[in-house]
Every structure is written in C-alpha cells, then in structure tokens.
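Novice: test case, fold it:
(one chain, ligands or ions: 2)
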Amino acid sequence: MDSPPDPRGFAVRRSAPRLNRAFALLWFAAVTVPVLGVTGAGVASWHAVQGEAETQMDRTVELLRQNALRALGTQEAILAATSRATAGRAPEELREDAELHRLLADLAASAAPVISGVLVADAAARIVSASWEYPARPVDLSDRDYVEVLRDPARQRAVGAPVISRPMGWPIIPVARRAPMPPGGDAPGFVVSSFSADAIAEFYASVAEAPGDLVALVRDDGVVLARHPPIDIVDAVGLREGVAALLAPLLRNAGTAIWLRSPFDGLERLFVARPVGDWPLAVAYGLDRAALTRSWRQRMVAPGAGGLAAMGLLLVLTATAQRGARRQREQAESRAEAEAQLARAGRAAAIGLLAAGLAHDVKNLVQSVRSGARLMQRRAAEPEEVRRCAELLGDAAERGGKLVDSMLAFARGGSAPDAPAPPLEVGRALSDLADLLGRTLGSGLRVRALLPPGLPPARGDRAGFEAAVVNLAANARDAMPGGGTVTIAAWIEDLEEPVEDAGLRPGRYVVAAVRDTGIGMDPDTLARVGEPFFTTKGIGLGTGLGLATVRGFCARAGGALRIESTPGRGTTAAMWLPVA
Ligand code: ADP
Ligand code: MG
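Specialist: Numbers count the residues shown, from 1 in each chain. Ligands and ions are numbered 1, 2, ... in the order given. Purely as a prediction, here's the structure:
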C-alpha cells in the first residue's frame, strides 16, 4: 500500500489555510468587538455628558437672563425718576440745581456698585447735571453711539457700547433715554445711567463654572457688552460682525446648544443663548470643550478598563484556542501517519501469510508434477497410463496458473491508493478470497463461504478489505491448532437505533464476518484486542497488529469491527461496513 510522498506535508497543506483563516477572523473579532463596545459606550456617554451639560447651561442662562432683566429694570426706574425731575426745565436751570445733583447721587448710590453714575445732558449732548460732582463739568458726549441712536425720534431708549467713562475714567455700559426739554422746544436732551462694566464682569466670573467657560452679555449687533473671561473694549466693538454671525443661529434656536469657536480666544465651546426681554440684548453661556472632554474621560475610565480587560481575555482565549487547534492538528497528523503505517504493516503481514501458504501449495504442485513425470518415464510403454499422467500434469499446471493469477490480483489490490475507490463488491471479494485462503491456510483447515447473492456494494477499498479478511482468517487458523472450519459469511443489517459502544449510526450495513470454532477469548483478552501490539502469541508468532489494522479499515469506511467470542467455543469477527 503506497502513501503520498510526504503525508505530513500533504495534510498540513490541505488543512492549514482554512484553520488560519478562521483564527485570523477570531483574532480580528477579539480586537474589534471590545473596541466597538467601548466606542459605543463612548459615544453614548459623550451624548449623556453633553445632554447633562446642556440642561445645566440652560438653567445658568435663565439665571443670567433674569439677572439682566432685574438690572435693566433698576436702570429704567432710575431713568424714569430722573426724567420726572427734569421734565419741562431748561438746561441752564438744571445746571444750577444742587437738589437735582443730590437726587442723581442718591439714585446712583441706591444701585451701587452695579450702577456707577447717572447724568443729564442737553440737546447737544453736553452734561448739565451728574451724580458724582456738582457743578457738573460740561463734558461733550456727542460722539457716543447711543446719542446717535436716540436722535431717531422713534427710539425711546438705547444701550451703548462699553466705553471708558470720560468724567470718571473707568469702563461703563451706558443706558440712555430721551428727555424732552426745554418746554415746547424741539431738541431733546438725554438722561443716562451707566452700569459699571467691572461689576458685571465680576458677577459673570462668579457664574462661570470652569476656567475656560464663557459668560457674556451681547448687543443684537454683536457688540459684547460684558464678558468673562474679560476682553478689551476695543476688541468688543471691532469683532462685532463675527460675533453677530455666531449669535444669530443661537438666538434663532434659543435654548438649543451649538458648538462655536470664539473669535476672541479661538476656543471651541458649547453655547446656549437667550434674548433679554424686549431689550436688544442677549445673555450667553459657553462651555469649554476641554472641561466637557475631561468629565467624559472620567466617565469612560470604567468602560474603557472593562473593554481592555475583555480584549485581553479574548486575545488570551484566542491564543489558547489556536495553540490547542495546532496541537490537535499535529496529533491528528501523527495519528494518520501511525494508521497508515499500521495499514501497511497489516497488508504486509497478509501478503507474507499468503506467500507462505502459496509456497506450500506450489511445493505440493511441484511435488505432483515431479511424481507424474517419474511415473510417465516408468510407464512410457503403456499409452493409457501416459495419457492419465499427462492429464494429471495438465491439472497441476492449471491449478498453479490459477494460484499465481489470484496471488497477482491480490498484490495488485493496493497499487493505486489515491485513485477514487470503486464501490466494494463484498460478495465477489469474499468468494475470491475464500478460494485463495482454502488453498493457503494449511492442511486440516476447511474454508467455507456463505455468501447470499445480490449483496449491495459497501464502502471501503478492496485492498484494505482483502488484507482485513486475510488477517481475520489468520487469527481463526491460529485459534484452531487442531484444525477445523473457517466460515466466511456476509449479510445485510438495518440499524434503526445507533449502537453507541461500537460508534455505529443508524442505516444499512453490509456485514462481512469470519467465524472459527477455535479456542475463543476470555473477557480480558476480548477487551484488549485491537489495541496495537497487543498479542497473546509468543515472540515471533504474533505482532498484535492484525486486529488493529482491521479496526482501522472499518473505521475509515465509516463502520466498525465487532467481535463475539466464547472461550472453548470459537470467535466471530464481523466487519460492519455502510452501504456505499
Ligand atoms: P496477533 O494475531 O498478531 O496476536 P491480532 O491483533 O491479530 O494479533 O490478535 C490479537 C490477539 O487477539 C491475539 O493474540 C489473540 O489472543 C486474540 N485473537 C484474535 N483473534 C482471535 C480468534 N479468532 N480466536 C481467539 N483469539 C483471537
Ligand atoms: Mg493476528
């Protein structure tokens, strides 16, 4: 029985790529599954963090809005009181009015430090009375933006851009109102009350939660009136267009958070803004992205660690599984190699056995040829006798020819192990073998064949089958030292239920059995037969490979070897082979 040039390499090449692909997938999964899990958790918790931040910011912005409304309400009250005190009076008169100065000083003091000063100006925007000094210096305010706005008679009030107060020298945010004077005149004057920009900035600083967070009061045209962290007044006016562009979408979706990049410090923040009553103002809160990321990262510590642990575990499991699979493959390869060796040894043993029997037979034939020839020489004169001898010689030659033919057929059986095996004709093979074995097993032994016609073909290769039958017959012969009958039989079995201990599945089987009436086996021997190298025969007599070979052949065909034996009565060894 030939084998592929390198069965090990052959097997590796055939099975390795599929296995490697499976493990590549497993490795891939061991990494991606935890990564996907952690990524999912990350996205979810980022949304959660942002959602919570938005809720918090919403509350803060509402607080800012109410605060601004209250401060502006105070402004309105002050401006109304001032307007009442100046209504219908000429600027010259007001300039001399110490009482008015005291009123302005009292009003400013009542709202300090948020309100830093109150003043009255004439139609030319020159100060006529102020809360901080008496008499007031006639400082010219005509270049202030609120003066420009209030020159439009449709406008009653205006909030000015932050400026450095000319009379006082610190930053203020003026809120102004038109005051008609003098009586019957057509040129209006102004009453102005100013927020202290520093006081507002201080309050905003106390509202900001993280160092990068932004709190701001912004005018509709984009001028930032107050802000924490603080900015330069010049920047506040210069960058108003950029701010207005950012503010517009925020106010369109008031209450919705939007990611924006500040034109002042370039930081990205999550913003919420709200308009302040019917004033042309809005309050805004911006949450520093870094702060948000920080709290998200803190939240991700646990799932991240869990993901890493899962990945580590999966990687270790995969590595272990791959090592196990490799070991299994190697074991399977060496098992296959051992089985192939066993089958070769079994077949060699069978051929050896047959050759020995054959030699014996040929010797007998040669013996009868020799005596026939001698007889012919002696009785050359008797034609009748010569013809009889010639017939005998012819018979002997015929038998010799048949013997050689069947031996050649047996030897050819194992010549092409890789070719697709034709279905095994159990009946044909057994009757041929019965013939061969009858001649070769030895004197004193009869070989009987019980073969019903019409047996279906079975699974298994013919060479392996023949070697198996010869090995079983050899065991039968060994079990009957005093001679006897070896019965070779075959029949069909239908299994409804699986036979667990034999490893047989339900289905139709062709059973090929060799039966003897020999010494039989005790249960201990019966339990061990088929184990390679288990033999009860003496050194040089048994190899312990015969039944191992037979069992291997049956298993390869998808069947099983089942042995029944009674000590002193005999043994039946049956090969169950599935129908092809
Ligand atoms: P070997 O024939 O070389 O000993 P086998 O594997 O063919 O190896 O058989 C193993 C053992 O099983 C034999 O040594 C014998 O004890 C027992 N055995 C096998 N077949 C029979 C049989 N037909 N009758 C009695 N014993 C048997
Ligand atoms: Mg044997």
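
Novice: and the pLDDT for the residue of the stretch 151-300 of the chain found nearest ligand 1?
Specialist: Nearest residue of the stretch 151-300 of the chain to ligand 1 (C-beta to the nearest ligand atom) works out as Met300 at 67.3 Å. The C-beta positions use only the backbone N, C-alpha and C, and glycine is treated the same way. pLDDT for Met300: 83.

Novice: so what's it up against?
Specialist: Counting by C-beta atoms under 8 Å, 6 or more residues apart in numbering, Met300 makes contact with 38, 41-42, 45.

Novice: near ligand 1, which residues of this protein are found?
Specialist: Counting by C-beta under 6 Å from any ligand atom, the residues of the chain close to ligand 1 are 471, 475-476, 479, 516, 518-521, 525, 529, 534-537, 542-544, 546-548, 571.

Novice: which of these count as buried?
Specialist: Among the residues of the chain next to ligand 1, those scoring as buried are 471, 475-476, 479, 516, 518-521, 529, 535, 542-544, 546-548, 571 (criterion: 16 or more other C-beta atoms under 10 Å).

Novice: restricted to strands, list the contacts of Met300.
Specialist: Judged by DSSP state E, the subset of those located in strands is empty.

Novice: take the residues of the chain next to ligand 1 and keep only those in strands.
Specialist: Under the assignment DSSP E, the residues of the chain next to ligand 1 contribute 516, 571 to strands.

Novice: mind naming the longest helix for the protein?
Specialist: Identified as the longest helix of the chain according to DSSP state H is helix 289-378.

Novice: count of neighbours near Asn364?
Specialist: Per other C-beta atoms under 10 Å, the neighbour tally for Asn364 reads 15.

Novice: ignore the last one, Phe190
Specialist: By the criterion of other C-beta under 10 Å, Phe190 has 27 neighbours.

Novice: that one: what secondary structure?
Specialist: The assignment at Phe190 comes out as strand when based on DSSP: H, G, I helix; E, B strand; the rest coil.

Novice: with adjacent residues omitted, what lies nearest to it?
Specialist: Ala121 (4.5 Å; C-beta to C-beta, 6 or more residues apart in numbering).

Novice: quick one, grab the pLDDT at the one you found.
Specialist: The per-residue pLDDT reported for Ala121 equals 93.

Novice: kindly state the beta-bridge partners for it.
Specialist: In this entry, Ala121 is beta-bridged to Ile127, Phe190, by DSSP bridges.

Novice: make sure it is actually in contact with Arg177.
Specialist: No: using C-beta atoms under 8 Å, Ala121 is not in contact with Arg177, being 11.1 Å away.

Novice: mutual contacts of those two, please.
Specialist: Common neighbours of Ala121 and Arg177, using C-beta under 8 Å, 6+ apart, are 190-192.

Novice: closest to Ile78 out of those residues?
Specialist: Relative to Ile78, the closest of these is Val191; by C-beta to C-beta it sits at 8.5 Å.

Novice: list the residues that contact that closest one.
Specialist: Taking C-beta under 8 Å, 6+ apart, one finds 79, 82-83, 86, 118-121, 176-177, 179 in contact with Val191.

Novice: mind putting the residues you listed into JSON lines with secondary structure?
Specialist: Listed next are these as JSON lines, based on three-state DSSP:
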{"residue": "Leu79", "secondary structure": "helix"}
{"residue": "Thr82", "secondary structure": "helix"}
{"residue": "Ser83", "secondary structure": "helix"}
{"residue": "Thr86", "secondary structure": "helix"}
{"residue": "Val118", "secondary structure": "strand"}
{"residue": "Leu119", "secondary structure": "strand"}
{"residue": "Val120", "secondary structure": "strand"}
{"residue": "Ala121", "secondary structure": "strand"}
{"residue": "Ala176", "secondary structure": "strand"}
{"residue": "Arg177", "secondary structure": "strand"}
{"residue": "Ala179", "secondary structure": "strand"}
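
Novice: buried ones only from these, please, as a ChimeraX command.
Specialist: Per 16+ other C-beta under 10 Å, the buried members of these correspond to this ChimeraX selection:
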select :79,82,83,86,118,119,120,121,176,177,179
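
Novice: and the least confident of the contacts of Val191?
Specialist: Among the contacts of Val191, Ala179 carries the lowest pLDDT, at 80.

Novice: is it bridged to anything, and to what?
Specialist: So, taking DSSP bridges as the rule, Ala179 has Gly189 as bridge partners.

Novice: once you drop chain neighbours, what's closest to whatever residue of the stretch 401-550 of the chain ends up closest to ligand 2?
Specialist: Scanning the stretch 401-550 of the chain for proximity to ligand 2 using C-beta to the ion identifies Gly546 as nearest, at 2.9 Å. Counting by C-beta to C-beta, 6+ apart, Gly546 lies nearest to Asn471, which is 3.9 Å off, once chain neighbours are set aside.

Novice: low-confidence ranges in the stretch 401-550 of the chain?
Specialist: Within the stretch 401-550 of the chain, the stretches with pLDDT under 70 are 406, 409-421.

Novice: which residue ranges of it form strands?
Specialist: 445-450, 484-495, 507-516 (DSSP state E, counting those that start in this stretch).

Novice: ok, the nearest residue to Ile519 once chain neighbours are set aside to Arg294 distance?
Specialist: Spatially, and ignoring its direct neighbours in sequence, Ile519 is nearest to Ala479 (5.1 Å; C-beta to C-beta, 6+ apart). Ala479 is 88 Å from Arg294, where distance means C-beta to C-beta, to the nearest Å.

Novice: and if you look at Gly558?
Specialist: With the distance defined as C-beta to C-beta, Gly558 ends up 67 Å from Arg294.

Novice: which of those two has more residues huddled nearby?
Specialist: The neighbour comparison of Gly558 against Arg294 (other C-beta under 10 Å) goes to Gly558, with 18 against 13.

Novice: looking at the strands of the stretch 401-550 of the chain, which is buried most?
Specialist: strand 507-516 (a mean of 22; mean count of other C-beta atoms under 10 Å).

Novice: now the angle from that strand to strand 445-450?
Specialist: In terms of direction (axes from the mean of the first three to the mean of the last three C-alpha atoms, to 10 degrees), strand 507-516 departs from strand 445-450 by 160 degrees.
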